[in-house]
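Here is my input; please provide its structure:
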Amino acid sequence: MKNTVPNFIEYLLTPAAYPHPATEIKLVQTHISYVVLAGDFVYKLKKPVDFGFLNFTTLDQRRHFCERELVLNRRLCPDLYLGMVTIAEEEGRLNLDGRGSVVEYGVKMRRMPEEKMMGRIIGSGGLTREMLDRIVAILVPFYGQAEATSEINSFGRPEAVGVNVRENFDQTEGFIGCSALSREQFEIINHYTLDFLAREGLFAVRMTEGRIRDCHGDLYSANICLTESVQIFDCIEFNERFRYCDIASDVAFLAMDLDFHGLPELSRYFIDSFVALSGDSGLLTMLDFYKCYRAYVRGKIGLFTAHAPEVDEETRQGCLDQASRYFALAEGYAVIG
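Predicted coordinates for the structure are as follows:
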């Protein structure tokens with residue numbers, strides 16, 4: 001499989017592209033983004049993809065969602081997101097934030113220390129309860145201040161949650177039988193999820209209590225940096241129905257992530273601490289359901305990335321292996337649920 005990238009990404013992989021020192025440049029790809037690490041800064045550009053739940057296929061759409069990314073992420077880390085950048089072309093030459101016709105938009109961020117990234121700390125065995133306390137201390141007031149309107153509250157209805165859930169199953173059905181997802185797993189998770197959605201009273205209570213908010217939407221260790229001032233970044237900007245959700249769904253993602261990394265005791269501590277500080281004991285009734293949902297989403301994303309034509313074979317296999325682990329975790333939640 002040939003690993004190809006657009007010419008403007010090739011341009012950003014050269015030190016001469018930048019007005020600042022960038023002797024070491026690294027490209028990281030996800031299923032929806034190119035992330036270029038260049039010196040002390042990060043440049044994030046959206047791939048022109050349409051997965052149904054997001055559509056970045058036009059330049060105008062990518063510009064719009066870059067703008068939304070800045071506004072929404074500055075809620076939790078106002079100093080991290082510096083602004084929008086352009087890549088322009090003039091007389092056949094590309095330039096960053098220069099003259100010419102704009103061929104692409106991106107978001108510029110401060111680069112965070114990699115040794116402080118939560119995923120790196122987890123991998124080294126260094127995650128502590130005190131670190132989780134610091135995260136909880138940020139999240140509880142964030143949710144307390146997050147927007148909560150009648151429109152947002154409607155996304156807590158089981159019918160609305162079911163849209164996201166069924167979309168996951170529809171989008172992965174074609175992968176059933178691959179090395180990452182078996183037919184049996186698919187059926188177990190599907191049946192558990194649909195049965196839980198029928199428990200309308202649980203969802204109604206969460207709505208009545210005002211627990212449906214404009215949340216982060218992608219709260220897991222890859223999007224947290226444990227510097228002196230904890231940075232929780234990269235929220236969902238491309239689809240409001242993923243961000244307008246039960247607070248339980250947001251925190252369940254991080255709890256699931258800790259389970260995924262073999263840290264169930266810290267996962268329980270995180271949830272217990274959040275419940276104690278927020279007073280939201282009702283989220284416990286929804287926790288396994290949303291953990292299952294979040295694990296399945298991560299498995300789906302692994303499948304999408306593995307089958308993207310531009311990724312190399314090593315990345316493809318790694319994504320398939322990771323997807324397999326996420327689907328197994330989702331199955332485990334379904335069985336105990």
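
For the stretch 1-150 of the chain, which segments are assigned as strands?
25-29, 33-38, 41-46, 81-90, 93-96, 101-110 (DSSP state E, counting those that start in this stretch).

now the residue nearest the centre of the chain: how far from residue 161?
In the chain, the centroid-proximal residue (C-alpha atoms, centre = their mean) is residue 218; its distance is 3.4 Å. Per C-beta to C-beta, to the nearest Å, residue 218 is found 17 Å from residue 161. For every residue, glycine as well, the C-beta is placed using N, CA and C.

Grab the longest helix from this structure for me.
helix 313-336 (DSSP state H).

If you count neighbours, what's buried in that helix?
315-316, 319-320, 322-324, 326-334 (16 or more other C-beta atoms under 10 Å).

same deal with stretch 163-181?
So for stretch 163-181, counting by 16+ other C-beta under 10 Å, buried means 164-165, 167-169, 172, 175, 180-181.

Can you dump the C-alpha atoms of that stretch in CSV for me?
The C-alpha trace of stretch 163-181 is given here as CSV (Å, rounded to 0.1, in the frame of the first residue of the first chain):
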residue,chain,number,x,y,z
VAL,A,163,-29.0,7.6,16.3
ASN,A,164,-25.3,7.6,17.3
VAL,A,165,-25.4,4.0,18.4
ARG,A,166,-27.1,2.6,15.3
GLU,A,167,-24.8,4.6,13.1
ASN,A,168,-21.9,2.8,14.7
PHE,A,169,-23.4,-0.5,13.9
ASP,A,170,-24.4,0.5,10.3
GLN,A,171,-20.9,1.7,9.6
THR,A,172,-19.1,-1.4,10.9
GLU,A,173,-21.4,-4.0,9.5
GLY,A,174,-19.3,-4.3,6.4
PHE,A,175,-16.2,-5.1,8.6
ILE,A,176,-17.9,-8.1,10.4
GLY,A,177,-15.7,-11.1,10.0
CYS,A,178,-12.4,-9.2,9.7
SER,A,179,-9.7,-9.9,12.2
ALA,A,180,-10.9,-7.2,14.6
LEU,A,181,-14.7,-7.8,14.8
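
Contacts for that stretch, please.
Stretch 163-181 is contacted by residues 51-53, 182-183, 186, 190, 193-194, 197, 241-242, 293, 296-297, 299-300, 302-303, 306, 320-321, 323-324, 327 when judged by C-beta atoms under 8 Å, 6 or more residues apart in numbering.

ok, so what distance separates the residue nearest to residue 43 when sequence neighbours are not counted from residue 212?
In space, and not counting its chain neighbours, residue 43 is closest to residue 36: 4.4 Å by C-beta to C-beta, 6 or more residues apart in numbering. Taking C-beta to C-beta as the measure, residue 36 falls 36 Å from residue 212.

who's more crowded, the two?
residue 212 (28 against 22; other C-beta atoms under 10 Å).

Tell me the confidence at the more buried one?
Among the per-residue scores, residue 212 holds a pLDDT of 98.

Could you find which two of the buried residues of helix 313-336 are furthest from each other?
Every pair in the buried residues of helix 313-336 was compared (C-beta to C-beta); the two farthest apart turn out to be 315 and 334, at 28.4 Å.

Just the buried ones among the contacts of stretch 163-181, please.
By 16+ other C-beta under 10 Å, the contacts of stretch 163-181 give 51, 53, 182, 186, 190, 193, 197, 242, 293, 296-297, 299-300, 302-303, 306, 320, 323-324, 327 as buried.

Would you map the helices across the chain?
7-12, 59-73, 118-123, 129-145, 150-153, 158-172, 183-197, 200-208, 240-243, 247-260, 264-278, 287-306, 313-336.

Relative to residue 28, which of those helices is closest?
Checking these against residue 28 by C-beta to C-beta gives helix 313-336 as the closest, at 10.0 Å.

And the pLDDT at the nearest residue to residue 207 once chain neighbours are set aside?
Distances taken as C-beta to C-beta, 6+ apart place residue 156 nearest to residue 207, at 4.3 Å, with adjacent residues excluded. On pLDDT, residue 156 comes in at 98.

Residue 156: neighbour count?
Burial of residue 156 is recorded as 26 neighbouring residues (other C-beta under 10 Å).

and residue 91, backbone torsions?
Main-chain torsions, residue 91, degrees, to the nearest 10: phi 50, psi 40.

Please apply the same query to residue 74.
Per degrees, to the nearest 10, the backbone of residue 74 is at phi -70, psi -10.

The nearest residue to residue 260 once chain neighbours are set aside and residue 120, how far apart?
Among residues not flanking residue 260 along the chain, residue 329 sits closest, at 5.8 Å (C-beta to C-beta, 6+ apart). As judged by C-beta to C-beta, residue 329 and residue 120 stand 21 Å apart.

same thing with residue 253?
Separation of residue 253 from residue 120 (C-beta to C-beta) stands at 19 Å.

Those two: who's more crowded?
Taking neighbours as other C-beta under 10 Å, residue 253 and residue 120 compare with residue 253 leading, 25 against 15.

Would you confirm that that one contacts residue 221?
No: judged on C-beta atoms under 8 Å, residue 253 makes no contact with residue 221 at a distance of 9.8 Å.
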